[in-house]
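J.: any chance you could fold what I've pasted below:
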Amino acid sequence: MAVDIATADKYFSEQVLHNDAWVNADNDSKQRALNNAVNMLSRQYKNREIPDEAVFEQAIWLLKISEARKQAEQGVVSYSIDGISVSLSQIDRSISPNVIQILGRRVGRSVSGRLGYIVSNNVRKPSGGVR
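T.: Numbers count the residues shown, from 1 in each chain. Sure thing, here's the model as predicted:
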């Protein structure tokens, strides 16, 4: 099932307090963010059902991502401008922290080939989903 802009708009207007990145985006950007979120999460969480909520949270994360984060993803570790120095962490921030709370953090494969995930016990199970 594919998520759509109308459902995402409803989610962000009813469920998300800091939704400016979504609200201020044009429909083309929203659709690209949703498509990219589905693709990223499908690759990261192979063989798992991806709830709509996780796709929406990843989509807004992609719209909010700063230029500094984009540079860190490309391998930049620090830069200086007019005497101000910024160091960037090498932590992978491509998946939204909210998505990690929903789906867990992937920890790799076991000897048997099964994927492992760490999921917090206090996270509620969302309804609905995308494959």
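
J.: any low-confidence regions in this protein?
T.: Counting by pLDDT under 70, the chain shows low-confidence ranges at 1-2, 66-70, 72-73, 88-93, 106-131.

J.: can you give me the helices in it?
T.: Listed in chain order, the helices of the chain (DSSP state H) span residues 5-15, 20-23, 27-44, 52-64, 67-73, 97-103.

J.: out of those helices, which comes closest to S87?
T.: Ranking these by distance to S87, with CB to CB as the measure, places helix 67-73 first at 9.7 Å. (C-beta placed from N, C-alpha, C; glycine too.)

J.: include mean neighbour count when you put the helices of the chain into CSV, please.
T.: Written out in CSV, the entries for the helices of the chain read as follows (neighbours: other CB atoms under 10 Å):
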stretch, mean neighbour count
helix 5-15, 14
helix 20-23, 16
helix 27-44, 17
helix 52-64, 23
helix 67-73, 13
helix 97-103, 19
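
J.: so which of those is nearest I81?
T.: Proximity of the helices of the chain to I81 was assessed by CB to CB; the nearest stretch is helix 67-73, lying at 11.3 Å.

J.: ok, now which ones touch the closest residue to S96 other than its chain neighbours?
T.: In space, not counting the residues next to it along the chain, S96 is nearest to W61; the distance is 3.5 Å by CB to CB, 6 or more residues apart in numbering. With contacts defined as CB atoms under 8 Å, 6 or more residues apart in numbering, the neighbours of W61 are A37, I95, S96, N98, V99.

J.: farthest pair in these?
T.: Taking CB to CB, no two of the contacts of W61 sit farther apart than A37 and N98, at 11.5 Å.

J.: S29 against L63, yeah?
T.: Yes - the pair S29 and L63 passes the contact test of CB atoms under 8 Å, sitting 6.9 Å apart.

J.: quick one on the thing from earlier: and the residue nearest to S96, how far from D82?
T.: From W61 over to D82 the distance is 30 Å, taken as CB to CB, to the nearest Å.

J.: and D82, its phi and psi?
T.: Dihedral pair for D82: phi 50, psi 50, per degrees, to the nearest 10.
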